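Colleague: the sequence and its predicted three-dimensional model are supplied below.
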Amino acid sequence: MSETLKSSPVVCEPDTWPPKLPPAHHGRITIATYNTLRRHYEYRDQDHVEKKHREWEPRLKALRKQINSLQADLILLQETELRSLDEDFGDYFDKLGYGFVHADPKGGVDFVKPLIFFKRDMFKIRWHSPRSRIILLELEIIKTGHVLLIASCHFPSSHDYSSRFGAARSLLKKFDTRRGETNPNDLFRDRSVTPGVRSRSRGTKHRSKSPSRKSGKSPWRQGRRSAKANRTRDYDSEEKKDPMEDNPLRKTMDIKTADMLFELESRASRKTRAEMEKSEEVPHGTLCIVAGDFNATKDDPAYILLNNGTIANEQWDEKKFGKRPRKVAYKSPNLGPLSDAYISINETKGFFTYQGGVEAGKKGVDQWLIDYILYTKSKSHSPCSKLELKAIRKPYTKAQAEECARKGIPNHWHPSDHFMLAAVFDLPAKDVKADKKEEVKDDKKGHEKTGSNALNPMAF
């Protein structure tokens, strides 16, 4: 175990994890991410790996042992198969005190999805949004009251830069919107990105630019119906009611009037977002961790967007990344840039988190850095939004890396083609102002429920 600089995190060798750290002032969490390599890998054509190392049962035992050795509070897994989830990981980690949420089972290949395990005695779920390749989760730490936004990602692979970037942009936009609901400047929001509501119906590959008029129904009512049908779970708030729903004009409103009102609200929403982007104000208590298998190198547009918090159209090199998507430019108004937990070692020559092939193979060794842990740390975040990185775990020793290049992975000591990443974070001081605002809201809700008669003894 070594510490390079006073402000740098402790870098631990695999056999010295978990690290010995001084007590935290405001709380501490340990997070790990791991692409476990799908259960049915043994049936794929992977001649560079011995058959006994492709079989699932020995790999499963090794995976459980590795993951359990991390002693993590949050475990983000990728390539788990939902058809056998309970048998593989669910029942095992349930006995260890973990709960879990998984991605949307619709879409994908053989239900191979990411998921998040969390300690039940440490966290409670406030909200989550399951998608095909991403699981978004908002947790509250029971002891301290901190709120965490967590994303376990498995972005599209190969040279599909556009789909990978679209997934990263959608993730960032969803988190920005989720935290934006606490921003007093966010007076208007587009209905299609309301927190806890899917922006489009399931099974639809493309969303039209404007509401269709062919059905002869108001786009307001169409959007409302779609939102109700695709609402994701929201654990901490009551059902939000549309203030226009009981308006008698809604039933008699023609399409032209509805379109006009829709456009007016959209303009107000765009104007508000533009003002928010110029403002340096960031909502308090926004803690965020995005981790997983990005299938992206550090020069990939998806990584650039998440790491910088913004991207311009000019940064998309069509010669390298293919045709530029219709929507590229984006600036995160609430989260901003996300720092890379492994920045202190992932810039060293030869560092990798994924390997395919071996030295003696026909194609040779294929090693890439494509797994990451990103978190809120930048100067653009408020003091209550910064996670302090205390320690990271090296994925392998130097001798193990050399052995992987010679014999390939999975092998007798490592059961996947990816390596685990783990990090320890200290939580910031809790925002007192935000707590007072929450108490005021709770008092108002309680007063509304009891009514004014509750304070009048003569009413009974």
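Modeller: Perfect, I can see it now. Here the structure is a predicted model, which means the values were calculated and not measured. Numbering: from 1, shown residues only.

Colleague: so His25 sits right up against Asp426, yeah?
Modeller: Yes - at 7.4 Å, His25 counts as touching Asp426 under the criterion of Cβ atoms under 8 Å. Using the backbone N, CA and C atoms, a C-beta is placed for each residue, glycine as well.

Colleague: out of those two, which sits in the more crowded spot?
Modeller: Asp426 (19 against 11; other Cβ atoms under 10 Å).

Colleague: how about the more buried one, what does it touch?
Modeller: Ala24, His25, His26, Gly27, Arg28, Leu387, Glu388, Lys390 (Cβ atoms under 8 Å, 6 or more residues apart in numbering).

Colleague: not counting its neighbours along the chain, what's nearest it?
Modeller: Take Asp426 and drop its neighbours on the chain: the residue closest to it by Cβ to Cβ, 6 or more residues apart in numbering is Glu388, 4.2 Å away.

Colleague: and if you look at Asp104?
Modeller: Per Cβ to Cβ, 6+ apart, closest to Asp104 is Pro130, 4.3 Å.

Colleague: contacts only, for the one you found.
Modeller: Taking Cβ under 8 Å, 6+ apart, we find Pro130 in contact with Val101, His102, Ala103, Asp104, Leu136, Thr232.

Colleague: which positions are bridged to the second one in the beta structure?
Modeller: Note on His102: beta-bridge partners by DSSP bridges are Leu115.

Colleague: what number of residues lie near it?
Modeller: Per other Cβ under 10 Å, the neighbour tally for His102 reads 20.

Colleague: torsion angles phi and psi at the nearest residue to Lys363 once chain neighbours are set aside?
Modeller: Once flanking residues are discounted, Lys363 sits nearest to Gly357: 5.2 Å by Cβ to Cβ, 6+ apart. Main-chain dihedrals, Gly357, degrees, to the nearest 10: phi 80, psi 180.

Colleague: that older thread, neighbour-wise, which of the contacts of Pro130 leads?
Modeller: Going by other Cβ under 10 Å, Ala103 tops the contacts of Pro130 with 27 neighbours.

Colleague: what's the nearest residue to that one if we skip its chain neighbours?
Modeller: Lys113 (4.0 Å).

Colleague: list the contacts for the one you found?
Modeller: Applying Cβ under 8 Å, 6+ apart to Lys113 gives the contacts Thr80, Glu81, Leu82, His102, Ala103, Asp104, Pro105, Ser132, Arg133, Ile135, His154.

Colleague: just the buried ones out of these, please.
Modeller: Thr80, Glu81, Leu82, His102, Ala103, Asp104, Ser132, Arg133, Ile135, His154 (16 or more other Cβ atoms under 10 Å).

Colleague: what strand or helix carries the first one?
Modeller: Read that as Thr80. strand 74-81 (DSSP states H and E).

Colleague: partners of that strand, with directions?
Modeller: Counting by DSSP bridges, strand 74-81 is paired with strand 28-35 (parallel), strand 112-119 (antiparallel).

Colleague: any idea which helix or strand comes after that strand?
Modeller: Immediately after strand 74-81, counting by DSSP H and E, sits helix 85.

Colleague: buried residues in the helix or strand that comes right after that next one, which are they?
Modeller: Per DSSP H and E, the first helix or strand lying C-terminal to helix 85 is helix 91-95. With burial defined by 16+ other Cβ under 10 Å, the residues of helix 91-95 counted as buried are Tyr92, Phe93.

Colleague: ok, now stretch 78-90?
Modeller: Using 16+ other Cβ under 10 Å as the test for burial, stretch 78-90 gives Gln78, Glu79, Thr80, Glu81, Leu82, Leu85, Asp88, Phe89, Gly90.

Colleague: can you list contacts of it?
Modeller: 33-40, 60, 64, 77, 100, 102, 105, 110-115, 117, 152-154, 292-293, 418.

Colleague: restricted to buried residues, select those residues in ChimeraX.
Modeller: To isolate the buried members of the contacts of stretch 78-90 in ChimeraX, using 16+ other Cβ under 10 Å:
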select :33,34,35,36,37,38,39,60,64,77,100,102,111,112,113,114,115,117,152,153,154,292,293,418
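
Colleague: buried stuff in stretch 15-23?
Modeller: Trp17, Pro19.

Colleague: got the CA positions of it in CSV?
Modeller: Extracted C-alpha coordinates of stretch 15-23, given in CSV (Å, rounded to 0.1, in the frame of the first residue of the first chain):
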residue,chain,number,x,y,z
ASP,A,15,-4.2,-8.5,-1.4
THR,A,16,-4.2,-5.4,0.9
TRP,A,17,-7.8,-4.5,0.3
PRO,A,18,-9.8,-3.2,2.2
PRO,A,19,-7.5,-0.3,3.2
LYS,A,20,-6.9,0.9,6.8
LEU,A,21,-8.0,4.5,6.8
PRO,A,22,-8.6,7.0,9.7
PRO,A,23,-12.2,7.4,10.8
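
Colleague: quick check: mean pLDDT of it?
Modeller: What stretch 15-23 shows for mean pLDDT is 94.

Colleague: start the count at 6 instead of 1 going forward.
Modeller: Okay, residue one is now 6; in that scheme the one you just asked about reads as stretch 20-28.

Colleague: identify all contacting residues around that stretch.
Modeller: Taking Cβ under 8 Å, 6+ apart as the rule, stretch 20-28 contacts 6, 15, 17, 33, 35, 74-76, 395-396, 398, 427, 429.

Colleague: again, only this time at 7 Å
Modeller: Met6, Val15, Cys17, Thr35, Leu75, Gln76, Lys395, Ala396, Arg398, Ala427, Val429 (Cβ atoms under 7 Å, 6 or more residues apart in numbering).

Colleague: now swap in stretch 368-380 and tell me
Modeller: When contacts are defined by Cβ under 7 Å, 6+ apart, stretch 368-380 is touched by residues 36, 38, 40, 293-303, 311-312, 343-347, 351, 356-364, 392, 410, 423, 426, 428, 430.

Colleague: make a PyMOL selection of the buried ones in those.
Modeller: If you want just the buried ones from the contacts of stretch 368-380 in PyMOL, going by 16+ other Cβ under 10 Å, the selection is:
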select buried, resi 36+38+40+293+294+295+296+297+298+299+300+301+311+312+343+344+345+346+347+351+357+358+359+360+361+362+363+392+410+423+426+428+430
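
Colleague: what strand or helix carries Lys129?
Modeller: Assigned by DSSP H and E, Lys129 falls in strand 128-135.

Colleague: right, and the helix or strand after that strand?
Modeller: For strand 128-135, the following helix or strand on the C-terminal side (DSSP H and E) is strand 139-146.

Colleague: next, the angle from the helix or strand just after that next one to strand 139-146.
Modeller: Tracing the chain past strand 139-146, the next element assigned as helix or strand by DSSP H and E is strand 152-159. Counting by axes from the mean of the first three to the mean of the last three Cα atoms, to 10 degrees, strand 152-159 lies at 160 degrees to strand 139-146.
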